[in-house]
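K.L.:
quick one, structure for this:
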Amino acid sequence: MARYQLLNNVAHKDLRVSTRFGTEFGDSLGMVQAFPTEFAELQREYPIFFRQGTDGEFQAVALLGFDHHENLFLQGGGWNASYLPGAIARGPFLIGFQEQEVDGQLRTEPVIHVDLDHPRVITGQGEPVFLGHGGNSPYLEHIIDVLRGINDGVQAGQAMFAAFQALELIQPMSLDVRFDDSHGVNLTGLYGIDRERLAALDPASLHELHRSGWLEGAYLVLASLYNMRRLIAEKQRRLREQDAAGQGRAA
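P.N.:
The predicted structure follows:
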């Protein structure tokens, strides 16, 4: 159960957050939400797909493994990638909104909340959130940048996915993946960009996508699919390790 509080440097002056990774921190996830503001970074290492929610709206996801609780980027307390998805990097923090008086007017301003029951919040361990005199630590400044990117990404995503849907560019994908003669998986519920339909768009539609900034996003999603090879190779490596361990025990 989450226990969110508005972050401040008095009540949370001694707050520390672990930046290690592992199942104990809730990192055993097969996919995480992805945001258009990070597509350029994500597409270098993660396959990017779309998923449709119960409300019919789409969101982007970065694939981490081939099962709900399989994260193939987790290795010995670390994360084997140069870029950490924002949904993971934010840790126990999220953006909330609060009415504040600015220049004599009430405005809804973004504020940071922290989940004090999050497994990364460990007494006396991890990165300090505030400096001794009450200022923001370098870690908190990084979190602020991450949350800003997520907030901008949520808004950009709504417009981007609506534009893709209007042009019928988002189509369901059938992914039947074989790792070896004995292991495989069929991934369902994932959507991608229809490459042929994108290539066949009329000049006016292409121009509008480009003008809005969404055309680059479509090609980044397509380019990211080459990372499936890396993910499959890592899965195959782990299966070989399991088989070798099993043979060792049998002997």
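K.L.:
now do the helices in the chain.
P.N.:
Using DSSP state H, the helices of the chain run over 39-42, 86-89, 138-166, 195-199, 203-212, 214-224, 228-250.
K.L.:
tell me which of these sits nearest to residue 26.
P.N.:
helix 86-89 (9.4 Å; CB to CB). Placement of C-beta: from N, CA and C, glycine included.
K.L.:
what sits up against that closest one?
P.N.:
Helix 86-89 is contacted from outside by 27, 32-35, 37-38, 79, 142-143, 146, 149-150, 153, using CB atoms under 8 Å, 6 or more residues apart in numbering.
K.L.:
now distance to residue 191 and pLDDT too, for these, in JSON lines please.
P.N.:
Below are the contacts of helix 86-89 laid out as JSON lines (distance: CB to CB, whole Å; pLDDT from 0 to 100):
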{"residue": "27", "distance to residue 191": "25", "pLDDT": "95"}
{"residue": "32", "distance to residue 191": "16", "pLDDT": "97"}
{"residue": "33", "distance to residue 191": "14", "pLDDT": "97"}
{"residue": "34", "distance to residue 191": "13", "pLDDT": "98"}
{"residue": "35", "distance to residue 191": "16", "pLDDT": "97"}
{"residue": "37", "distance to residue 191": "20", "pLDDT": "96"}
{"residue": "38", "distance to residue 191": "19", "pLDDT": "97"}
{"residue": "79", "distance to residue 191": "26", "pLDDT": "96"}
{"residue": "142", "distance to residue 191": "32", "pLDDT": "96"}
{"residue": "143", "distance to residue 191": "30", "pLDDT": "96"}
{"residue": "146", "distance to residue 191": "26", "pLDDT": "95"}
{"residue": "149", "distance to residue 191": "23", "pLDDT": "94"}
{"residue": "150", "distance to residue 191": "21", "pLDDT": "95"}
{"residue": "153", "distance to residue 191": "18", "pLDDT": "95"}
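K.L.:
count of residues packed around the residue lying closest to residue 177 once chain neighbours are set aside?
P.N.:
Once flanking residues are discounted, residue 177 sits nearest to residue 185: 5.3 Å by CB to CB, 6 or more residues apart in numbering. Neighbour count for residue 185, taken as other CB atoms under 10 Å: 15.
K.L.:
thinking again about what came up before, can you flag the weakest of the helices of the chain by average pLDDT?
P.N.:
Mean pLDDT is lowest for helix 228-250 out of the helices of the chain, coming in at a mean of 86.
K.L.:
in it, what counts as buried?
P.N.:
Within helix 228-250, the residues that count as buried by 16 or more other CB atoms under 10 Å are 231, 235.
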